[in-house]
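**Student:** Compute the structure for the input listed below.
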Amino acid sequence: MIINVFKPKAWTSNDVVQKIKHACGFKKVGHAGTLDPLAEGVLLVLTDGDTKRQDEFMNLKKEYLVKVVFGYESDSHDLGTPLRICGKDVGDNLSREALSTALVKYIGRIQQQVPAYSAVHVKGQRLYKVAKEDSSTILSLPYKEIEILDINICSFTNNEQLNYPFCTTAELRISCGKGTYIRSLVRDLGKDLGCGAVAMSLIRTKIGEYNIEGSLTLDKVLLEHLKS
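**Tutor:** Now for the predicted structure:
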């Protein structure tokens, strides 16, 4: 069975898998692509015999909607760790045209450095565990080849009044292949523009033909399968 689950914020992808497995009595449960705890949206949960199809679903095109704030940075490249001001004057005066120009280099197959707060193994250790336990420990962050198919600017606002005054924000819709770290893209984009950039929110809206409109909340998944 393939279940299109809407993963809520604060849940890990594994939290969702374990909840469905134990509550619904499936023998095997997996998922087809991790979402960060602070991200939400489409998580494909595979059960029993369909867990063998994981690679098939992992290779499907994905789509994300990310809201970016410029002029700040953080160790996790999102709101999961404290923000620091970085090139805020540049960020506050950023133009839509400059952002559009900077995005061009990311279309196609590129080398992307994984974020320190990720589940990638380096020297036998999960990067996020090292980062959380001892931020002074420096491990070399590996690069991987990814493919970004398209990036569209959905909205762009200068001097928006948020929790941080006089910010420039943008909402980007990104279509990409497997293994893409949207937080890393945001980090690199900020560097290219001469200011920091942090992902304020992240939603996965599609995996292949599975979209957010057809996703089920975890409560609804549990209710339907507990009845059956």
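**Student:** From now on I want contacts and neighbour counts done on CA atoms only, so please keep to that.
**Tutor:** Will do.
**Student:** Show the residue spans covered by the strands in this protein.
**Tutor:** Counting by DSSP state E, one finds strands in the chain at the ranges 2-7, 29-31, 40-47, 62-70, 72-73, 84-85, 108-113, 121-122, 125-126, 143-160, 167-176, 197-207, 210-211, 216-217.
**Student:** Format those as JSON lines; extra columns: mean pLDDT, mean neighbour count and distance to residue 91.
**Tutor:** Listed next are those as JSON lines, based on pLDDT from 0 to 100; neighbours: other CA atoms under 10 Å; distance: least, CA to CA, whole Å:
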{"stretch": "strand 2-7", "mean pLDDT": "96", "mean neighbour count": "23", "distance to residue 91": "31"}
{"stretch": "strand 29-31", "mean pLDDT": "94", "mean neighbour count": "23", "distance to residue 91": "37"}
{"stretch": "strand 40-47", "mean pLDDT": "96", "mean neighbour count": "25", "distance to residue 91": "26"}
{"stretch": "strand 62-70", "mean pLDDT": "97", "mean neighbour count": "24", "distance to residue 91": "5"}
{"stretch": "strand 72-73", "mean pLDDT": "94", "mean neighbour count": "26", "distance to residue 91": "8"}
{"stretch": "strand 84-85", "mean pLDDT": "92", "mean neighbour count": "14", "distance to residue 91": "10"}
{"stretch": "strand 108-113", "mean pLDDT": "94", "mean neighbour count": "16", "distance to residue 91": "23"}
{"stretch": "strand 121-122", "mean pLDDT": "50", "mean neighbour count": "13", "distance to residue 91": "33"}
{"stretch": "strand 125-126", "mean pLDDT": "54", "mean neighbour count": "14", "distance to residue 91": "32"}
{"stretch": "strand 143-160", "mean pLDDT": "90", "mean neighbour count": "15", "distance to residue 91": "9"}
{"stretch": "strand 167-176", "mean pLDDT": "95", "mean neighbour count": "22", "distance to residue 91": "6"}
{"stretch": "strand 197-207", "mean pLDDT": "97", "mean neighbour count": "25", "distance to residue 91": "8"}
{"stretch": "strand 210-211", "mean pLDDT": "97", "mean neighbour count": "18", "distance to residue 91": "33"}
{"stretch": "strand 216-217", "mean pLDDT": "95", "mean neighbour count": "17", "distance to residue 91": "36"}
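**Student:** Please tabulate these in JSON lines, including the columns distance to residue 95.
**Tutor:** Output for these, formatted as JSON lines (distance: least, CA to CA, whole Å):
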{"stretch": "strand 2-7", "distance to residue 95": "33"}
{"stretch": "strand 29-31", "distance to residue 95": "39"}
{"stretch": "strand 40-47", "distance to residue 95": "28"}
{"stretch": "strand 62-70", "distance to residue 95": "11"}
{"stretch": "strand 72-73", "distance to residue 95": "16"}
{"stretch": "strand 84-85", "distance to residue 95": "19"}
{"stretch": "strand 108-113", "distance to residue 95": "24"}
{"stretch": "strand 121-122", "distance to residue 95": "38"}
{"stretch": "strand 125-126", "distance to residue 95": "38"}
{"stretch": "strand 143-160", "distance to residue 95": "8"}
{"stretch": "strand 167-176", "distance to residue 95": "9"}
{"stretch": "strand 197-207", "distance to residue 95": "14"}
{"stretch": "strand 210-211", "distance to residue 95": "31"}
{"stretch": "strand 216-217", "distance to residue 95": "38"}
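**Student:** Among these, which comes closest to residue 102?
**Tutor:** strand 143-160 (11.0 Å; CA to CA).
**Student:** List the contacts of the closest one.
**Tutor:** Applying CA atoms under 8 Å, 6 or more residues apart in numbering, the contact partners of strand 143-160 are 92-96, 100, 103, 106-114, 165-180.
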